[in-house]
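Engineer: Any chance you could fold what I've pasted below:
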Amino acid sequence: MAKALVLLADGFEEIEGVTIIDILRRGGVEVQSAYLPGEFENDLVTGANGITIQADVPLKTVVVDEYDIVVLPGGWGGTNRLAENEMAQSVIKEFKAKGKWVAAMCAAPYALHVAGVLSKKYTCYPGVEEQIRPEDRVDDIVVVDEKVITSQGPATAICFALEIVRQLVGEESFETVKNGTLAKYCQE
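Structural biologist: Below is the predicted model:
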């Protein structure tokens, strides 16, 4: 069974974090969410809109070899924490170095950029590209390039997660979850 690691940091975009976990699980992907170490190390992570989620594991216990993909929801607060946290950056780099999938949406491609793992072609929340590489941003809902998956923002979270399902589990699971969630607007 494919396995995904979702990195949650205070200030993450809740629509994205919860949607990613939900859609991946519907698609047959085992998902674990990890929280960053902090002053008050706690498995409760509060999103950008004040919704608190209980994460599954502390990031310091993660073994990259146990996962197929690392996924970063956006939200500037969470993205900045992921970009500035040495442990998070190390985990992201290790996924890429081992040829595993890396995925980020909304503002979070910035954290991939800081780690030096963002692919040439990418998308993100409009305006975030100014802190990355404006000339390489494409305006697609979801972009897949060099085992890196990126997407634009809260409204594209289902399509983003479905693309991860397609890449990890296959077309049949992608179609089943897509049809079951009425996500007809997602790319074919």
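
Engineer: hey, let's count contacts and neighbours off CA atoms from now on
Structural biologist: OK.

Engineer: In contact with residue 122, which residues?
Structural biologist: With contacts taken as CA atoms under 8 Å, 6 or more residues apart in numbering, residue 122 has the following neighbours: 136, 137, 138, 143, 144, 145, 149, 150, 151.

Engineer: Would you mind measuring from the closest residue in space to residue 101 that isn't next to it in sequence to residue 139?
Structural biologist: The shortest distance from residue 101 to any non-neighbouring residue, by CA to CA, 6 or more residues apart in numbering, is to residue 69 (4.5 Å). Using CA to CA, to the nearest Å, one gets 23 Å for the distance from residue 69 to residue 139.

Engineer: Please say which of these two ends up with more neighbours.
Structural biologist: Between residue 69 and residue 139, counting by other CA atoms under 10 Å, residue 69 is the more crowded of the two (25 against 14).

Engineer: thinking again about what came up before, among the contacts of residue 122, which ones are in helices?
Structural biologist: Counting by DSSP state H, those place none of their members in helices.

Engineer: buried subset of those?
Structural biologist: 137, 138, 143, 144, 149, 150, 151 (16 or more other CA atoms under 10 Å).
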